[in-house]
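In: Predicted model follows, preceded by the sequence.
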Amino acid sequence: MRSNWISAGVSAIGSLALLPFLAGQMPGDKEIWEKDKNSDTPLFRFVVQGKAGYINIEGRVVIQPQFRVLGDIGWDDFHEGIASAGFGGRFWVNEQGKELEPLSDGSERTGKAAEGMIRTYRKLNGSRQEGFVDFQGRRVIPEKFEGTTEFSEGLAAVRVGGLWGYIDKSGAFAIAPRFLEAEPFSEGAARVIAEGPCMSPWRGGCIIGGVAIGAPEGTDVRRAKFPGCRYSYIDKSGVPLFETTYGSADNFSEGLARVSGAGGSGFIDKTGTVRIPLQFRHVRPFSDGMARFLKGRDWGYMDKAGREVFPAQFEYAQDFSEGAAVVGRPFGAVHFIDKGGRKLFDAEYTRASGFRLGLAHVCSGHDCAYIDRTGQAVFRYQSDRE
């Protein structure tokens, strides 16, 4: 039977939804648990009485609720058949729910599984040291780095002596440490901050009031005045793709990267050519061939030519995924549309996630479900969260 829950009242989308340009975009807790777009494992989380379990794509419970959770941030998703389940990453499990053995050297796993590797860390003489193990817990790369990112496209960013570089899966440097900040590779390019010291209002994706990056040790950052940080892009040899730098930028997605300048935000290609003018108040990276943009207080969608497929008209909107997007009102009913702007089905919800690996997560009050593209519920449960 097709789900037909209708929104009636205020949703629990969260305080960030008060500002439509922030809704669903800032880090921290989300209005609903959403499967990671990079997850390749068709298992989906649900929570009953504060404990998380997982269903498969048919809606069958394959891991009973047992892992303590805190919110819907999404750290506890499966990647390559492994998840960091439970608050604080205390349980690492496989697709059958079997816990991975503790590491024999006393280190702790962290982050998420990626390209056959998992990051690890330990505290040594008061400082954190990071490295990598494989899925069997065998040490692959020693814990000798001050910081690491997951492997992406064969490389991982690591920090040594306060500077970031990139290593390959043997642990050898592919790009020597020389950057103040370095992001994982995406579509053959990586975002870096090459010059400093500088002030960054964004660090790790969150606004924290400004952080001095690359400041000499002992600098009183409360009194010092630094220019704003500037992002550039490098290839896998560490060579800049082009000379232009930006104060705000995203990874490349579907061949284009969101960047911002004095006139607003737009998109560039890998030659640095502006493909969509930097004129929008806010835009999101391309997903499923479409990008969200903000005009006034409403969202619309554009294609890669910059054509407004849907003019700004939605108070609330998520990225397109698997041919559909969630739109509606941030404190009211939301529904799914296709790329023609038509409703996929009549049902509306107080909160919903996009489709991932064939299913979407929806709730109306405490009544939650995973649905397929016809709106059919394959699994229903009562959420602790309204």
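Out: Good, I have the coordinates.

In: which residues in the stretch 251-386 of the chain form strands?
Out: Under the criterion DSSP state E, counting those that start in this stretch, the stretch 251-386 of the chain carries strands at the ranges 256-261, 264-268, 274-280, 282-283, 291-295, 298-302, 308-314, 316-317, 324-328, 334-338, 351-352, 360-364, 367-371, 377-382.

In: which neighbours does the fifth one have in its sheet, and in what orientation?
Out: Its sheet considered, strand 291-295 pairs with strand 282-283 (antiparallel), strand 298-302 (antiparallel) by DSSP bridges.

In: Output the last one as CSV, nothing but the C-alphas.
Out: Which is strand 298-302. Only the C-alpha atoms of strand 298-302 are listed here, as CSV (Å, rounded to 0.1, in the frame of the first residue of the first chain):
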residue,chain,number,x,y,z
ASP,A,298,13.9,30.7,-2.7
TRP,A,299,15.7,27.9,-4.4
GLY,A,300,15.7,26.9,-8.0
TYR,A,301,17.7,24.4,-10.2
MET,A,302,20.0,25.0,-13.1
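
In: how big is the angle separating that strand from strand 334-338?
Out: Angle of strand 298-302 versus strand 334-338, following axes from the mean of the first three to the mean of the last three C-alpha atoms, to 10 degrees, is 20 degrees.

In: start at 776 instead
Out: Shifting the count to begin at 776 puts that one at strand 1073-1077.

In: Output the lowest mean pLDDT helix or strand found in this structure.
Out: Taking mean pLDDT, DSSP states H and E as the measure, the helix or strand of the chain with the lowest value is strand 981-988, at a mean of 60.

In: List the buried residues for the very next helix or strand once past that strand?
Out: Counting by DSSP states H and E, the next helix or strand C-terminal to strand 981-988 is strand 1006-1009. Residues of strand 1006-1009 classed as buried under the neighbour-count rule (16 or more other C-beta atoms under 10 Å) are Y1006, S1007, Y1008, I1009. Any C-beta I mention is one placed from the backbone N, CA and C, and that applies to glycine too.

In: now the residue lying closest to the second one once chain neighbours are set aside: how far from G937?
Out: Counting by C-beta to C-beta, 6 or more residues apart in numbering, T1020 is the residue found nearest to S1007 once chain neighbours are left out, at 4.8 Å. Remark: distance between T1020 and G937 (C-beta to C-beta, to the nearest Å) = 21 Å.

In: Same drill for the two, tell me which one is more crowded.
Out: Shown here are T1020 and G937; by other C-beta atoms under 10 Å, T1020 has more neighbours (17 against 12).

In: If you tally nearby residues, what's the number for K898?
Out: So K898, with other C-beta under 10 Å, has 10 neighbours.
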